[in-house]
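S.K.: For reference, the sequence and a predicted model appear below.
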Amino acid sequence: MDNFNLPDFNIDFGNFDPQDISSDETINAVLVVDVSPSVCNYVNELNAAFKDFLEEMQRSHVAEKLMVSIIEFNDAINVRSGFQPVNSIDLQKINFNPCGGGTALYDAVLAGITNAVNYRTNLENSGVNCKTLIFTITDGEDNSSQNPAKNVKKLLQNILKDEKNAFSFETILFGVGNDSSFEQAQKAMGISHLARIGNSGKEIRKMIGFISASISKSSGNKVQVVF
Amino acid sequence: MSHPDWNEDNLYYKQTSHAIIGGVFDGCSSGKDSYFASKLFANIYRKTLEAFNDDVNISRFQAIVYAFFQNIKNAIDAVGIEPDETLSTAVLFIYELNSNNLAVKFFGDGIAYINNQNLEIFNNDENNQPDYIGYSLTEILQENNFQKYWTLKKSFLRNTRDFSISTDGMLSFKKRNCEEPDFSFENYLVQDNFLYKNPASLKRKLNIIKNKGYDHEDDFTMIRVLILDE
């Protein structure tokens, strides 16, 4: 990938060393997860479904080439995991706890994309072809970011200008609940897809099912978002 | 009709306690289902070597190849494979781990690289019109004919710790992006030790070559053996 003048969040993501990847292609999935206090309505369902998702991915045919990064946010960004092979993620350690006092949605998405682009560049330079999927899960409007949504949009536009990224880089926003701001946030950030999801256990499991299916389908020639 | 994306090349290799033995196989594009011919050869070579257990060395190379040809004939007779379904080249090698001696035999187009102090290249070019084994297998296996056939086929012996065996797809690389600087992809593949311990090393090198603006027009398969002092 080219140099996109990426912002520096001064975060050590702790990504897996590209030299140790024993594959010539990877699927890089980023999960940007809202943990602001309002998600307490569905956090139990989310944690259960998320563990099921990781377990399913660890057993799947794509496990050997699936790298997962998990970023949570409230008014601040917290990297739970940089890109790591899905098989190495400890299910017991991934548990989301609602806390904080705001929603830095744009900052978190920007940080997730920035790390994805940096890692992808490193992988490509060492001979690994990548497909990148950015999944963002939120239940509300941004009220804490230092970066405006247009910074995300500009970055995504630059990424997708490059022909080889057109079929290998996808973004999707899952809006949980009834907040009317999801569409505006999706458009303002230039995220390709929006899926509205209820906050019942069934709906949360459905959302996680979409993520699993998108990752599995992306093991073909191009990234595919399924919902 | 063959699928346009099927690779018509194949390969097989195994390491025993004393040797590394293997080969690359290139199905003839004008043959019938050529991906099948090269895969058939690779599987029969594997099966042939199983019968020799670990008792593999250069002095037995001719006997191994004779058994390989005999097994191809048996397979053809058993399931009624037509001659034009068996059109594949075979570049076969035996490498002795104790002596570091390598023997290579060409049955059709292919290339071998010996990376000693200087890079030595053996290009067996039969202009893509090789005398395919499948055309004359019955005659080759008749009494006294195999010895003659074996002698006629190009071969070489070398002492080395670093060699590569490739189908002629190596010669089909073209520069697609003229804006990228020239790059010696051949030397990169057969001499550079990038990620040599990584099982994906050669595939990742190929991706890097493609990122540098080169791509191969013909199917391409190679085996590299690199012996390093740890």
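M.R.: Cool, the structure landed.

S.K.: and stretch B:28-38, what's its mean pLDDT?
M.R.: The predicted model gives stretch B:28-38 an average pLDDT of 86.

S.K.: Quick one: low-confidence residue ranges for chain A.
M.R.: Along chain A, the parts satisfying pLDDT under 70 run over A:1-5, A:10.

S.K.: now do 80
M.R.: Counting by pLDDT under 80, the ranges of chain A that qualify are A:1-11, A:179, A:221-222, A:226-227.

S.K.: Chain B too?
M.R.: Looking at chain B by pLDDT under 80, you get B:1-6, B:30-31, B:54, B:127-131, B:229-230.

S.K.: Within its sheet, name the partner strands of the host helix or strand of residue A:33 and how each one runs.
M.R.: Using DSSP states H and E, residue A:33 falls within strand A:25-34. Note on strand A:25-34: by DSSP bridges, its sheet partners are strand A:66-73 (parallel), strand A:129-138 (parallel).

S.K.: can you put these in CSV and add mean neighbour count and distance to residue A:159?
M.R.: All C-beta spots, glycine's among them, are computed from the backbone N, C-alpha and C. Converted to CSV, those look like this (neighbours: other Cβ atoms under 10 Å in any protein chain shown; distance: least, Cβ to Cβ, whole Å):
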stretch, mean neighbour count, distance to residue A:159
strand A:66-73, 25, 16
strand A:129-138, 24, 9
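
S.K.: now those strands as TSV including distance to residue B:207?
M.R.: Output for the strands paired with strand A:25-34, formatted as TSV (distance: least, Cβ to Cβ, whole Å):
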stretch	distance to residue B:207
strand A:66-73	16
strand A:129-138	6
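
S.K.: Select, out of those, the one closest to residue A:41.
M.R.: strand A:129-138 (13.0 Å; Cβ to Cβ).

S.K.: Can you name the next helix or strand after the closest one?
M.R.: Per DSSP H and E, the first helix or strand lying C-terminal to strand A:129-138 is helix A:149-161.

S.K.: In chain B, which residue sits closest to chain A?
M.R.: residue B:204 (2.8 Å; Cβ to the nearest Cβ).

S.K.: count of neighbours near residue 161?
M.R.: Picked chain A for this. 11 (other Cβ atoms under 10 Å in any protein chain shown).

S.K.: should've been chain B
M.R.: 15.

S.K.: What residues does it make contact with?
M.R.: B:100, B:226-228 (Cβ atoms under 8 Å, 6 or more residues apart in numbering or on different chains).

S.K.: and which of these is nearest to residue B:120?
M.R.: Among the contacts of residue B:161, and counting by Cβ to Cβ, the member closest to residue B:120 is residue B:100, at 14.6 Å.

S.K.: Show me how far the strand holding residue A:33 is from its chain's centre.
M.R.: 4 Å (Cα atoms, centre = their mean, to the nearest Å).

S.K.: Which positions within the lengthiest helix in chain A qualify as buried?
M.R.: Looking across chain A with DSSP state H, the single longest helix is helix A:105-125. Using 16 or more other Cβ atoms under 10 Å in any protein chain shown as the burial criterion, the residues of helix A:105-125 that qualify are A:105-124.

S.K.: and the residue of chain A nearest chain B?
M.R.: For chain A, the residue closest to chain B is residue A:127, as judged by Cβ to the nearest Cβ, at 2.8 Å.

S.K.: Now for the residue nearest to the residue of chain B closest to chain A when sequence neighbours are not counted: which residues touch it?
M.R.: Computed as Cβ to Cβ, 6 or more residues apart in numbering or on different chains, the closest residue to residue B:204 that is not its neighbour in sequence is residue A:127, at 2.8 Å. When contacts are counted by Cβ under 8 Å, 6+ apart, residue A:127 touches A:24, B:194-195, B:200, B:203-208, B:211.

S.K.: Can you tell me which of those residues has the most neighbours?
M.R.: That'd be residue B:204 among the contacts of residue A:127, by other Cβ under 10 Å, with 25 neighbours.

S.K.: just checking, it touches residue A:125?
M.R.: No. Shown here, residue B:204 and residue A:125 do not form a contact pair, counting by Cβ atoms under 8 Å, at 10.3 Å.

S.K.: what does chain A put close to chain B?
M.R.: A:19-24, A:124-129 (Cβ under 8 Å from any Cβ of the partner chain).

S.K.: Spatially, which residue comes closest to residue 98, not counting chain neighbours?
M.R.: Let's take chain A. residue A:40 (4.4 Å).

S.K.: oops, chain B please
M.R.: residue B:18 is the one closest to residue B:98 (Cβ to Cβ, 6+ apart), at 6.2 Å.

S.K.: Over to residue B:125?
M.R.: In space, residue B:125 is closest to residue B:109, 6.1 Å off (Cβ to Cβ, 6+ apart).

S.K.: That neighbour reaches residue B:167, doesn't it?
M.R.: Yes. Using Cβ under 8 Å, residue B:109 is in contact with residue B:167, at 7.4 Å.

S.K.: Name the SS class of the residue of chain A closest to chain B, please.
M.R.: Per DSSP: H, G, I helix; E, B strand; the rest coil, the secondary structure class of residue A:127 is coil.

S.K.: The residue nearest to residue B:98 contacts residue B:58, doesn't it?
M.R.: No. Residue B:18 is beyond contact range of residue B:58, at 10.7 Å (criterion: Cβ under 8 Å).

S.K.: Quick check: neighbours shared by those two?
M.R.: With Cβ under 8 Å, 6+ apart as the test, residue B:18 and residue B:58 both reach residue B:96.

S.K.: more crowded one of the two?
M.R.: residue B:58 (18 against 15).

S.K.: what's around the nearest residue to that one once chain neighbours are set aside, how many residues?
M.R.: Nearest residue to residue B:58 in three dimensions, chain neighbours excluded: residue B:103, at 4.6 Å (Cβ to Cβ, 6+ apart). Residue B:103 has 19 neighbours, counted by other Cβ under 10 Å.

S.K.: Can you verify my assumption that residue B:103 contacts residue B:154?
M.R.: No. Here residue B:103 lies out of contact with residue B:154, judged by Cβ under 8 Å, at a distance of 11.9 Å.

S.K.: List the contacts of residue 112.
M.R.: No chain in the question, so chain A it is. A:30, A:32, A:69, A:71, A:134, A:136.

S.K.: that's the wrong chain, I wanted chain B
M.R.: Applying Cβ under 8 Å, 6+ apart, the residues near residue B:112 are B:91, B:93, B:104, B:121-122, B:156, B:163-166.
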